[in-house]
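Participant: what's the 3D shape of this:
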Amino acid sequence: MISESLKKARKIVIKIGSNTLAKADGTQNTEFMADFAEQCSALIKQGKQVVIVSSGAQVAGVSTTKEWARKKDVHYRQALCSIGQVELMHQWRKAFGAQNIHIGQLLLTKDDFENEHRSLNIRNTLFTLVDEGVVPIINENDSVSIDEMKIGDNDNLSALTAILWSADLLILFSDIDGIYSDNPKTNKDAKLIETVKSIPELRSSIKIGEANSFGTGGIETKIQAAEKTTVYGIPLLLANGSKEKALENLENGTAHGTLFLAE
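Facilitator: Alright, predicted model coming up:
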């Protein structure tokens with residue numbers, strides 16, 4: 001069903017988490033970015049349109065300004081995101097440039113989606129970019145967002161983007177293979193749940209852990225994202241983006257994940 005969903009989808013939003021974009025030492029995984037851009041290029045050559053929601057600004061900021069890595073003050077964290085966003089987009093531009101594809105940047109806040117005029121402008125910009133063969137890369141505007149304006153995680157940001165753009169599929173790339181019946185790191189008998197038809201039933205049958213090292217989300221935010229998109233008829237696929245040729249292998253049916261079916 002995962003392979004079929006990818007093959008049927010023409011408009012695909014792909015969210016890439018910080019843990020996927022970071023190496024073990026916390027620096028940017030530019031090799032992943034180059035390989036991922038090549039896989040996106042293959043999809044675009046099939047006539048598909050791709051929008052990327054990319055985490056990783058703070059990771060890139062720490063990579064660039066290492067002496068700030070331990071500073072926890074909110075102003076320093078926002079400043080790190082400001083520095084890191086430039087580096088993040090630089091690396092994405094290099095990765096897609098190697099495929100002769102231009103990228104465009106959109107930095108958004110919660111208020112942008114709640115304001116009817118702004119959300120219409122976002123939608124129009126997305127349509128214009130993809131119609132011209134440009135790959136939009138979206139992130140939350142962490143340098144200026146305060147708690148009241150924050151979406152808070154890119155799982156939910158990507159869900160809002162998918163709904164606004166009327167996508168056919170949302171893919172969440174994380175550092176986990178999908179949703180398990182229990183924590184597979186502590187329970188060897190935990191089983192991967194490959195298809196979810198009922199989110200309430202899923203919630204009642206699994207244990208939800210906390211967010212991991214670099215990211216702001218966890219299993220909970222991924223389920224929230226699925227609750228948002230599936231109501232609008234948009235299936236959501238959660239898969240491990242750090243595995244080799246993850247996007248390509250999901251399409252050809254050799255990779256696994258968790259597919260939330262649209263209502």
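
Participant: now A190: how far from K48?
Facilitator: Applying CB to CB, to the nearest Å, the value for A190 to K48 is 33 Å. Backbone N, C-alpha and C define where each C-beta goes, glycine included.

Participant: ugh, wrong one, A79
Facilitator: 37 Å.

Participant: who has more neighbours, the two?
Facilitator: More crowded of A79 and K48, by other CB atoms under 10 Å: K48, with 19 against 16.

Participant: buried ones in the top helix by length along the chain?
Facilitator: Counting by DSSP state H, the longest helix found in the chain is helix 74-97. Using 16 or more other CB atoms under 10 Å as the test for burial, helix 74-97 gives 77-81, 83-85, 87-89, 91-93, 95-96.

Participant: and it, how far from the chain's centre?
Facilitator: The chain centre lies 16 Å from the centre of helix 74-97; the measure is CA atoms, centre = their mean, to the nearest Å.

Participant: so what secondary structure elements neighbour that helix?
Facilitator: Where contact means 3 or more CB pairs under 8 Å, 6 or more residues apart in numbering; DSSP states H and E, helix 74-97 is packed against helix 30-45, strand 49-54, helix 57-64, strand 103-108, strand 135-140.

Participant: wait, is K15 part of a strand?
Facilitator: Yes: judged by DSSP: H, G, I helix; E, B strand; the rest coil, K15 forms part of a strand.

Participant: that one is in contact with D153, isn't it?
Facilitator: No: with contact defined as CB atoms under 8 Å, K15 does not count as touching D153 (9.7 Å).

Participant: compare those two (neighbour count), which wins?
Facilitator: The neighbour count for K15 versus D153, taken as other CB under 10 Å, is higher for K15 (31 against 23).

Participant: list the contacts for the more buried one?
Facilitator: Contact analysis of K15 by CB atoms under 8 Å, 6 or more residues apart in numbering lists I52, V53, S54, S55, N154, D155, L157, S158, L170, I171, L172, F173.

Participant: may I ask which of those has the most neighbours?
Facilitator: When neighbours are taken as other CB under 10 Å, the top entry among the contacts of K15 is S158 (32 neighbours).

Participant: would you check that it makes contact with L169?
Facilitator: No: contact criterion CB under 8 Å: S158 and L169 do not qualify, at 11.2 Å.

Participant: all good on my end, thank you.
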